[in-house]
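Undergrad: no sequence for this one, just the structure:
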Ligand SMILES: CCCCCCCCCCC/C=C/C(=O)SCCNC(=O)CCNC(=O)[C@H](O)C(C)(C)COP(=O)(O)OP(=O)(O)OC[C@H]1O[C@@H](n2cnc3c(N)ncnc32)[C@H](O)[C@@H]1OP(=O)(O)O
Ligand SMILES: NC(=O)C1=CN([C@@H]2O[C@H](COP(=O)(O)OP(=O)(O)OC[C@H]3O[C@@H](n4cnc5c(N)ncnc54)[C@H](OP(=O)(O)O)[C@@H]3O)[C@@H](O)[C@H]2O)C=CC1
């Protein structure tokens, strides 16, 4: 697979079949961090097509503008705001801008995240902190800011955190596995603590999903990902978007504190080496 083939095709996202009914998110607003990336953009398209007003958030205004223009071109209600979830002030500023617009999302999808592959023994202090600050602290900041609005306005809310498979077999990204395990534990805790506020908190653990985010991995490592699960294929961003629509919507009104693996079974079988597999493990 080439670097170019990882780019998502907006015209495909505009027409991909879905199991959900058009209008099932009418009247709902979804804030999607990482909304111009692979999984975030597919989720924005799906939720938008189902009737939601979608707000895409990320660091790169050019990518956000392009994604919003494509969605608006198909008649969807899409806007964007910049945010760096690593910066507390940036997250505060995002939510203040939404307050000024009198916009409170009903659904927050935390898809902003990422990591770089490196043997854990070589992690620098800064590298470790960057990944933990992005994936654990950044996700937390977004959750807390949204929850405060829902509490203050006595509104229900739903959060879907995109994490990674943490049980086994994701080697070379120990920093992100640690951060995402933190997000899962945090989500389970908040599912209880925020239930009185009518806030549901769930996670999706994707397996290998072909997105632009894969460019951080060497082609020879990427080539192995499709065989990292018993279904022997890579997943598509649309498959995560559909799970997002489930956990973020009315069908999951009684679901909270859950982590849904959309991973082709890779949480049960298989191994993923984002760095070259050491000779020690070769048969
Ligand atoms: C059983 C499990 C089955 C599951 C199968 C799954 C298989 C799939 C493969 C793996 C799973 C995960 C996949 C994905 O998540 S793909 C999509 C996610 N997208 C990305 O990861 C995007 C790319 N990543 C990044 O943008 C960066 O890594 C980062 C998160 C760090 C953010 O980048 P940013 O530009 O904001 O930060 P910097 O470049 O300034 O870096 C800050 C410091 O981080 C250290 N660093 C960064 N890159 C490297 C590197 N390549 N090697 C070593 N260290 C790195 C470094 O300290 C940086 O500071 P300095 O530049 O000052 O040194
Ligand atoms: N693709 C896969 O195989 C898997 C992905 N995941 C996870 O799913 C999530 C989405 O990944 P995917 O769509 O594939 O990756 P992408 O890299 O395509 O998208 C991630 C998005 O996050 C945004 N982002 C990154 N850092 C920040 C930040 N500090 N503040 C705001 N936005 C940020 C990026 O936008 P910008 O640079 O413009 O800010 C980017 O658009 C990530 O958490 C990823 O780790 C988990 C398992 C497997």
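TA: Structure received. Values in this document were obtained by computation on a predicted structure and should not be read as measured data. Residues are numbered from 1 along each chain as shown. Ligands and ions are numbered 1, 2, ... in the order given.
Undergrad: So which bits of the stretch 51-200 of the chain are right by ligand 1?
TA: Counting by C-beta under 6 Å from any ligand atom, the stretch 51-200 of the chain comes close to ligand 1 at 114-116, 118, 124, 126-127, 130-131, 134, 164-165, 168-170, 173. Bear in mind the C-beta positions are built from the backbone N, C-alpha and C, glycine included.
Undergrad: Those residues, buried ones only, as a PyMOL selection?
TA: In PyMOL syntax, the buried subset of those is picked out as below (16 or more other C-beta atoms under 10 Å):
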select buried, resi 115+118+130+131+134+164+165+169+170+173
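Undergrad: and ligand 2, which of the residues of the stretch 51-200 of the chain next to ligand 1 reach it?
TA: Subset of these in contact with ligand 2: 114, 134, 164, counting by C-beta under 6 Å from any ligand atom.
Undergrad: okay, those in TSV with secondary structure next?
TA: Listed next are these as TSV, based on DSSP: H, G, I helix; E, B strand; the rest coil:
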residue	secondary structure
114	coil
134	helix
164	coil
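Undergrad: longest helix of the protein?
TA: Taking DSSP state H as the criterion, the chain has its longest helix at helix 174-193.
Undergrad: helices or strands up against that helix?
TA: Helices and strands touching helix 174-193, as assessed by 3 or more C-beta pairs under 8 Å, 6 or more residues apart in numbering; DSSP states H and E, comprise helix 125-132, helix 139-152, strand 157-162, strand 199-206.
Undergrad: Excluding covalently adjacent residues, which one is nearest to residue 232?
TA: Once flanking residues are discounted, residue 232 sits nearest to residue 226: 6.7 Å by C-beta to C-beta, 6 or more residues apart in numbering.
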